[in-house]
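Engineer: Generate coordinates for the sequence data below:
(chains A and B)
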Number of protein chains: 2
Amino acid sequence: MKRTLLTAAAALSLSLPASAQDEPEGAPSPNQIVETASPNEWVAIDAEDLLIMTLAPDADGSERQVIIQLIPGPFSQGWVANIRSLARAHWYDGISVNRVQDNYVVQWGHPGYDNPESGEADTKPLPDGLKVMSDEDYVVQGLRNRNWRSLHWLVAHGEDLRRRSDPDLSPSMPASMRTAPDSYGAEPGISGGFPIAKFAGNRGFGPVHCYGMVGVGRGYSPDTGSGAELYTVIGHAPRHLDRNIALVGRIIAGMEHLSSLPRGTGTLGFYTEDEAELRTPIQSTRVASDLPVAERPAFEYLSTEGDTFARYADARANRRDPFFIVPAGGADICNIPVPVRSATSE
Amino acid sequence: MKRTLLTAAAALSLSLPASAQDEPEGAPSPNQIVETASPNEWVAIDAEDLLIMTLAPDADGSERQVIIQLIPGPFSQGWVANIRSLARAHWYDGISVNRVQDNYVVQWGHPGYDNPESGEADTKPLPDGLKVMSDEDYVVQGLRNRNWRSLHWLVAHGEDLRRRSDPDLSPSMPASMRTAPDSYGAEPGISGGFPIAKFAGNRGFGPVHCYGMVGVGRGYSPDTGSGAELYTVIGHAPRHLDRNIALVGRIIAGMEHLSSLPRGTGTLGFYTEDEAELRTPIQSTRVASDLPVAERPAFEYLSTEGDTFARYADARANRRDPFFIVPAGGADICNIPVPVRSATSE
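Structural biologist: Numbers count the residues shown, from 1 in each chain, chains lettered A, B, ... in the order given. The predicted model follows:
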């Protein structure tokens, strides 16, 4: 079993010690805490929830593969079903990355679909049977679901990060159990491997636009997003998009193949007609469960309901490893990424 | 005069209307609000505060220039003075970008200095006369300074963003004037063109690690950062670095030349010895005031003390332009970047 720790818990000091002896003593880093997790704290991601997007090889001929974890129910399941249908119809094969806007998003789809400046025809026929979803589906009103039973609510201003198991979690949660709102008026939490928020004013629960989250591009009308046009966040969390667009998953491997692409110079970072050669072709997108078992990638995330995650989240909010002089005393939800690792047999 | 709006206020919808007629009516976007600013709301950045970093041309032979605005006093002025001294000694000429860590930082300096895995010698002699600064200088205890007289404090959870002019702004500000703390327990504000925070527990004021901010790399001891090794943020705001490292400015042009570089595969995103060819050479770094007047770049920022900035910040927190269905009701400090434009004569 190859088990490579992929992202999220990367060490954060700004220099490397020349040797282990040079490193002063201190508390473990978030990364080191993750390494202490027991095997049963790693949760296998269902092959039905893994999307494998293969980009054209780079200039050196190296392969570029991006892995997306689709979000579990009850969130965004109509769009998630559409995305599986589009992958199974091979609709994504031959599309491209058409937009790279610095500190915002990378977006892929049919180049003419969303960009009249592309010089491409404006449509590619979609398969039959896609669901039409509305803005009501951007959030859910309650969380009575096995995936979301236990939430790490993040408590602001210097208090400990709190973990709370609440099988009846719902907007009617008593006020005494509420946590401090963040700068968006939301109560943020991490559960089921994803960042989610309880939005202000009892406006429901929904996933949050953190770095690497994947969403469904749309036009002005909310029901125009089918799942054919997708984007991911490559900068500071654009939380103003929460509740305004559907989030369907997150990138768990190969993010660097998207975040390091050249920025487009057209409106909104779209590649112009003159920059058409910068559009990265997407060769194929497959659901892992459709591949022969031996060819499936396998990934695990650190259970966000376990003790190790609680210690990891606390260490992200209060760095006590040697580089740090002053612990922050808190963290925003997008600064506590959920650790993921590859678990592919070799 | 060429006046190009550069960053920060970019439109945010996820599709382009095929024509102006396709765009539904709505309130102006943050970008459109910035365009209404009167000429006297644009503040010229002093040539002494502009650093021009010229990277080697890219693979196509195109020029790559990065412009850094150094932070005004009272913040980090010892390091800022060192950076001017290093530029004037031409110390930065011939160094390189040595580290690109996804969703974290890009770092440049002498390749051997901070990375024993680089295969390079570990030092390049520094010029005489650099100041040795300590962690006490990461923050200031009061803000009795003309640059910071009027702060846009950001108020969380759905209230309006508030602007407050307080010539005596200091940690002893009455509790009745305090704003809600953010997820880090800080009271964030924007003034003098920069994001700053009043830290929890009367721990002083200091700049904040938002996307594009520039800081001083250091070893384990706080006094090891001279300014010879610099970094910028290329991902979600790593606010746990606030008060742990010196911030000295922000990138106001050419950010994409750093953020789109290939990620390093070594520890902390450093390029390994085998990846030495990925290190982008830095040809020169100059203070604009040292150039002949005709060759100086000129930049302006939108006054963060003016009415247009107040409307812009409010629109970032409450998007009412056509794409948006639900305004967020708030924004974190790093989601309200200060607009900048080029003002170079042609």
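Engineer: low-confidence ranges in chain A?
Structural biologist: A:1-23, A:114-116, A:122, A:143-180, A:345-346 (pLDDT under 70).
Engineer: And the strands in the stretch 101-250 of chain A, which stretches?
Structural biologist: Using DSSP state E, counting those that start in this stretch, the strands of the stretch 101-250 of chain A run over residues A:105-109, A:150-153, A:162-165, A:187-191, A:194-198, A:205-207, A:213-216, A:230-233, A:247-253.
Engineer: Just put the ones you listed in a markdown table and tack on distance to residue A:286 and mean neighbour count.
Structural biologist: (Each C-beta comes from the backbone N, C-alpha and C, glycine too.) Output for those, formatted as a markdown table (distance: least, Cβ to Cβ, whole Å; neighbours: other Cβ atoms under 10 Å in any protein chain shown):
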| stretch | distance to residue A:286 | mean neighbour count |
| --- | --- | --- |
| strand A:105-109 | 15 | 26 |
| strand A:150-153 | 32 | 22 |
| strand A:162-165 | 36 | 15 |
| strand A:187-191 | 28 | 26 |
| strand A:194-198 | 22 | 25 |
| strand A:205-207 | 23 | 23 |
| strand A:213-216 | 16 | 26 |
| strand A:230-233 | 15 | 25 |
| strand A:247-253 | 14 | 26 |
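Engineer: Dump these to a markdown table, plus distance to residue B:208.
Structural biologist: Below are these laid out as a markdown table (distance: least, Cβ to Cβ, whole Å):
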| stretch | distance to residue B:208 |
| --- | --- |
| strand A:105-109 | 23 |
| strand A:150-153 | 24 |
| strand A:162-165 | 25 |
| strand A:187-191 | 19 |
| strand A:194-198 | 21 |
| strand A:205-207 | 26 |
| strand A:213-216 | 23 |
| strand A:230-233 | 20 |
| strand A:247-253 | 25 |
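Engineer: Can I get those in TSV including distance to chain B?
Structural biologist: Formatted as TSV, the strands of the stretch 101-250 of chain A follow (distance: least, Cβ to the nearest Cβ, whole Å):
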stretch	distance to chain B
strand A:105-109	7
strand A:150-153	12
strand A:162-165	13
strand A:187-191	8
strand A:194-198	11
strand A:205-207	11
strand A:213-216	8
strand A:230-233	6
strand A:247-253	10
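Engineer: which residues in chain A form helices?
Structural biologist: Counting by DSSP state H, chain A has helices at residues A:30-35, A:77-88, A:256-259, A:307-317.
Engineer: Could you export the ones you listed as JSON lines, including mean neighbour count and distance to residue B:338?
Structural biologist: Converted to JSON lines, the helices of chain A look like this (neighbours: other Cβ atoms under 10 Å in any protein chain shown; distance: least, Cβ to Cβ, whole Å):
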{"stretch": "helix A:30-35", "mean neighbour count": "19", "distance to residue B:338": "31"}
{"stretch": "helix A:77-88", "mean neighbour count": "20", "distance to residue B:338": "35"}
{"stretch": "helix A:256-259", "mean neighbour count": "22", "distance to residue B:338": "23"}
{"stretch": "helix A:307-317", "mean neighbour count": "22", "distance to residue B:338": "27"}
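Engineer: Could you point out which of those helices sits nearest residue B:297?
Structural biologist: Evaluated with Cβ to Cβ, the helices of chain A place helix A:256-259 nearest to residue B:297, the distance being 27.5 Å.
Engineer: what's the closest of the helices of chain A to chain B?
Structural biologist: When the helices of chain A are compared by Cβ to the nearest Cβ, helix A:256-259 sits nearest chain B, at 4.2 Å.
Engineer: Check which helices and strands the closest one sits against.
Structural biologist: strand A:64-70 (3 or more Cβ pairs under 8 Å, 6 or more residues apart in numbering or on different chains; DSSP states H and E).
Engineer: give me the number of residues near the closest residue to residue A:134 other than its chain neighbours?
Structural biologist: Spatial nearest neighbour of residue A:134, chain neighbours left out: residue A:223 (5.3 Å); criterion: Cβ to Cβ, 6 or more residues apart in numbering or on different chains. Neighbourhood size, residue A:223 [other Cβ atoms under 10 Å in any protein chain shown]: 12.
Engineer: As JSON lines, the helices of chain A with distance to residue A:334 would be great.
Structural biologist: As requested, the helices of chain A are exported to JSON lines (distance: least, Cβ to Cβ, whole Å):
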{"stretch": "helix A:30-35", "distance to residue A:334": "15"}
{"stretch": "helix A:77-88", "distance to residue A:334": "21"}
{"stretch": "helix A:256-259", "distance to residue A:334": "15"}
{"stretch": "helix A:307-317", "distance to residue A:334": "11"}
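Engineer: Out of those, which gets nearest to residue A:293?
Structural biologist: Closest among those, using Cβ to Cβ: helix A:77-88, at 17.6 Å.
Engineer: quick one, which of the strands of the stretch 101-250 of chain A is nearest to residue B:31?
Structural biologist: For these, the distance to residue B:31 is smallest for strand A:105-109, at 15.8 Å, taking Cβ to Cβ.
Engineer: before we move on, the earlier item: thought the residue nearest to residue A:134 was touching residue A:131?
Structural biologist: No. In this structure residue A:223 lies outside contact range of residue A:131 using Cβ atoms under 8 Å: 10.0 Å.
Engineer: which residues do these two both contact?
Structural biologist: Taking Cβ atoms under 8 Å, 6 or more residues apart in numbering or on different chains as the contact rule, residue A:223 and residue A:131 touch no residue in common.
Engineer: and the spatially closest residue to residue A:340 that is not a sequence neighbour, what does it touch?
Structural biologist: Take residue A:340 and drop its neighbours on the chain: the residue closest to it by Cβ to Cβ, 6+ apart is residue A:252, 4.5 Å away. Neighbour list for residue A:252: A:6-7, A:45, A:67-69, A:212, A:299, A:301, A:340 [criterion: Cβ under 8 Å, 6+ apart].
Engineer: ok, so what distance separates residue A:252 from residue A:210?
Structural biologist: To residue A:210, residue A:252 is 13 Å away according to Cβ to Cβ, to the nearest Å.
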